[in-house]
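S.K.: A structural model of the following input is requested.
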Amino acid sequence: MVYGNMGKVLEVDLTAGTTAEIEPDEEVYRDYIGGAGLAAKLLYDRGNLQAGPLDPDNLLIFAAGPLTGIGFSGSSRLSVGARSPLTGIWGQASCGGNFGPELKRCGYDAIIFKGKAEKPVYLILGEDSAELAPAGDLWGKDTYETTDILKERHGHNHKVLAIGPASENGVLYGSIVNDKGHLFGRAGMGTVMGSKNLKAISAQGSKKMAVKDQQKVDELSKIYQVYIERGGMARALRSFGTANNMEAKMIEGDVPSRNWGLGIWLEGGEKLSGIALDEEVITGHSNCRGCGVKCKPVVEVEEGRYQMEEGPGPEYETLGAFGTLLMNSNIESVCKINDFCNRMGLDTITGGATFAWAMDCYENGLMKPEDFDGVKLEWGDIDTVIEMLPKVVAKEGKLGELLAKGSRAAAAEIGQGSEKFLTDSKGLEAPMHDPRLDWGNALAYAVSVRGACHVSNLNYLVEWWAVTYPEIGLNKHYVEFSTEHRGETVAKTSDLGCIFNSACWCNFPGTMFKINELLGMFNAVAGYGWKLDDMMEAGSRVWLLQRCLGHIWGAAAADDRVGERIMTPVNEGGIKGQVPDMETMLKDFYQYRGLGEDGKPLPETLEKNGLGYLVGKI
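M.R.: Residues are numbered from 1 along each chain as shown. Here you go, the predicted structure:
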């Protein structure tokens, strides 16, 4: 009997219009955990690895984890994976909200989409049932409209995933939206969905998941509830959302400003903080399914040029990407942009970073208004950004079409040295945490399996001392502006990131568990029978598989870098003059991880981690 999982995967052939069920071996669940790990394994085993990101043969895989839907705070997440149109390598995104548990209530751990529908369709999921339906009437509608229509059509208890016009039009950083306020934001997973003429998935079920040891789960639940109620991180997130410490982090040097070219901007830190959000626009707080943290702001701008009806508000990353990164301190404008991007299905991190790159190019004479539809992008001019966003979604005009590619592809197109203003790794723009402060983050961004990312690993939380795991050696003293311990730490926190993204467990409440409590949860729910070393090895196995997919698709050691703009010192603030020593950290990381000088896992590393089938394939 399969515990913690439903034991079935749904495969949808969009070209043929048919569905089939697959029953993975129990060892696949145990060895690859679930979620992002299961998605990567299914893609490797069942996909055409020669397919381009927008080819019909590129598989798009949604996968829940063994902890999805157990009713704990943070247990509602779902992962999606495919070859990314933005980066060309392994792409994954994670979403909270409501859909992950509902997928399992329908009887499935994952859905594999292959092929391309001749005309737009959506998938209706019930208990052990699946049906494709025409979506011609939904194509062109935004994600909020689509969600409302499908809930009206199938019942308000249905949970909906939908793409918007950005993904339909092939913007390379399209997102997927669950029930309006929850997003698979990064790496263009919505764009892959749009390329398949798949508009939405609507699901409702009531099946229950069996767990191995209900008594132990109940014991852990009581412990966990105390952490959620009393933990400092949970209280801060509940009060002010993910931007709760923006002012302090701005002073430290963690918050990027002016496309990472300014070391400190106190006005932005103050006016875009969680406190400012709470005082000016918040009307309430919402949560993912069953979560007591309630970190999601609900906002309303009642009047003025940035008026928006009450709805999901911006997270910290969006406040940075369309705020400090662009030298825009108007919090109402960021709320307006967030609402637009949610409706259109557009990743705000890549979106804001691409506009910031363009502003640097304009300022330095590499882009001129007469060459780009008469438009000039300037620092602080957020109204022009707002006017341009619909053109980016529609890929309208020369500038709109350029910015729809993301910053790295846009820089490759215009040339002239514009790559010196890039802030990506492997084509994925960095999140809003400056690695010139916490050097391990630079390494974590550089070696992340999907490109620059902080939630594919837990390094930022470890370097902040927000979490410690002494049982696996993650309790070092991390000296500021130093390479010491970073190679080992990033390897271990990357493994933890893979564990979290494969379990489908949110970082915020999930890291309140001690590591042996997390281990106990896996064994009580899924019956994996792990010791601590087994759990960490599973995380390493997932990381190595996803890394190898990147190598199969062309990634090399030379790509383990962060953008030149980030590697340029600034002249002010707490990070003045600092640049991470990448060469030393990469050397240490490669050695600890068992990689060769070419960045590829050594044969003995693959064999040791149960990935011998990859030897000779990369």
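S.K.: can you pull the pLDDT of the residue nearest to Thr468 when sequence neighbours are not counted?
M.R.: The shortest distance from Thr468 to any non-neighbouring residue, by Cβ to Cβ, 6 or more residues apart in numbering, is to Asn475 (4.5 Å). In this view, the C-beta of every residue, glycine as well, is placed from N, C-alpha and C. On pLDDT, Asn475 comes in at 92.
S.K.: any idea how far Leu389 is from the residue of the chain most remote from its centre?
M.R.: Here the chain reaches farthest from its C-alpha mean at Glu370, the gap being 36.2 Å by Cα atoms, centre = their mean. Distance from Glu370 to Leu389, counting by Cβ to Cβ, to the nearest Å: 22 Å.
S.K.: tell me, how many neighbours does the closest residue to Asn48 other than its chain neighbours end up with?
M.R.: Using Cβ to Cβ, 6+ apart and skipping the chain neighbours, the partner closest in space to Asn48 is Asp57 (4.0 Å). Counted by other Cβ atoms under 10 Å, the residues lying close to Asp57 total 15.
S.K.: now swap in Ala93 and tell me
M.R.: Residues lying near Ala93 (other Cβ under 10 Å) number 26.
S.K.: check Ala236 too.
M.R.: For Ala236, the count of nearby residues is 17 (other Cβ under 10 Å).
S.K.: do the one 4 residues further on as well
M.R.: Here the neighbour count serves as a burial measure; for Phe240 (other Cβ under 10 Å) it reads 22.
S.K.: what's near enough to touch it?
M.R.: Going by Cβ atoms under 8 Å, 6 or more residues apart in numbering, Phe240 touches 273-275, 277-278.
S.K.: how about Glu23?
M.R.: Glu23 is in contact with 7-9, counting by Cβ under 8 Å, 6+ apart.
S.K.: apply 7 Å and report the result again.
M.R.: Glu23 makes contact with 7-8, according to Cβ atoms under 7 Å, 6 or more residues apart in numbering.
S.K.: again, but for Ile70
M.R.: By Cβ under 7 Å, 6+ apart, the contact set of Ile70 is 217, 525.
S.K.: helices or strands up against whichever helix in the chain runs longest?
M.R.: When the chain is scanned for its longest helix (criterion: DSSP state H), the result is helix 532-552. If contacts are counted by 3 or more Cβ pairs under 7 Å, 6 or more residues apart in numbering; DSSP states H and E, helix 532-552 sits against helix 26-32, helix 35-46, strand 90-95, helix 486-503, helix 515-526.
S.K.: ends of stretch 170-184, how far apart?
M.R.: Distance between the two ends of stretch 170-184: 16 Å, counting by Cα to Cα, to the nearest Å.
S.K.: please read the previous query as pertaining to stretch 206-225.
M.R.: 25 Å.
S.K.: do the same with stretch 253-262
M.R.: 9 Å.
S.K.: and the spatially most central residue of the chain, how far is that from Val455?
M.R.: Most central in the chain under Cα atoms, centre = their mean is Ala93, positioned 4.1 Å from the mean C-alpha point. The gap separating Ala93 from Val455 is 10 Å, by Cβ to Cβ.
S.K.: show me where the stretch 151-300 of the chain has its helices.
M.R.: Using DSSP state H, counting those that start in this stretch, the helices of the stretch 151-300 of the chain run over 165-168, 189-195, 214-230, 232-240, 246-252, 266-271, 274-280.
S.K.: what angle do the third one and helix 232-240 make?
M.R.: Translated: helix 214-230. Angle, helix 214-230 to helix 232-240, by axes from the mean of the first three to the mean of the last three Cα atoms, to 10 degrees: 60 degrees.
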